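Colleague: quick check, what structure comes out for this input:
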Amino acid sequence: MKEVIITDNKIFDKVSKKAIEKGISINLLENTAGVSTGSIYKWNTVSPTIRNLSKVATVLGCSIDELLKDEEEV
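Modeller: As a prediction, the model looks like this:
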């Protein structure tokens, strides 16, 4: 069963911003989180799986909710 999150496609921007705040590149984030190379960049157009989003959130030290919420809600 494929896990998909339907979003407004701003997840990549939020992940990228958090990575910059942590001082790590997207490539390093992918390697550390154990997701395939290039997968985070694809989040501009394709929603991530819950599993991959959870792995990335863990590395970034935040919750999945933080990556999904609109800026006004954070």
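Colleague: quick one: the helices in this protein?
Modeller: 11-22, 26-33, 39-42, 50-60, 64-68 (DSSP state H).
Colleague: mean neighbour count for these - can I get that in JSON lines?
Modeller: Placement of C-beta: from N, CA and C, glycine included. What follows is the helices of the chain, written out as JSON lines (neighbours: other CB atoms under 10 Å):
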{"stretch": "helix 11-22", "mean neighbour count": "17"}
{"stretch": "helix 26-33", "mean neighbour count": "17"}
{"stretch": "helix 39-42", "mean neighbour count": "16"}
{"stretch": "helix 50-60", "mean neighbour count": "18"}
{"stretch": "helix 64-68", "mean neighbour count": "16"}
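Colleague: now tabulate the ones you listed in a markdown table and tack on mean pLDDT.
Modeller: Shown next, in a markdown table, are these (pLDDT from 0 to 100):
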| stretch | mean pLDDT |
| --- | --- |
| helix 11-22 | 94 |
| helix 26-33 | 97 |
| helix 39-42 | 94 |
| helix 50-60 | 96 |
| helix 64-68 | 91 |
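Colleague: contacting residues around the residue most central in space within the chain?
Modeller: Residue closest to the average C-alpha location in the chain (CA atoms, centre = their mean): residue 15, at 4.5 Å. Residue 15 makes contacts with 26, 29, 40, 43, 56, 60, 67, as judged by CB atoms under 8 Å, 6 or more residues apart in numbering.
Colleague: surely residue 50 touches residue 65?
Modeller: No: between residue 50 and residue 65 there is no contact under CB atoms under 8 Å: 12.0 Å.
Colleague: how many neighbours does the residue nearest to residue 11 when sequence neighbours are not counted have?
Modeller: In space, and not counting its chain neighbours, residue 11 is closest to residue 43: 5.0 Å by CB to CB, 6 or more residues apart in numbering. Residue 43: 24 surrounding residues under other CB atoms under 10 Å.
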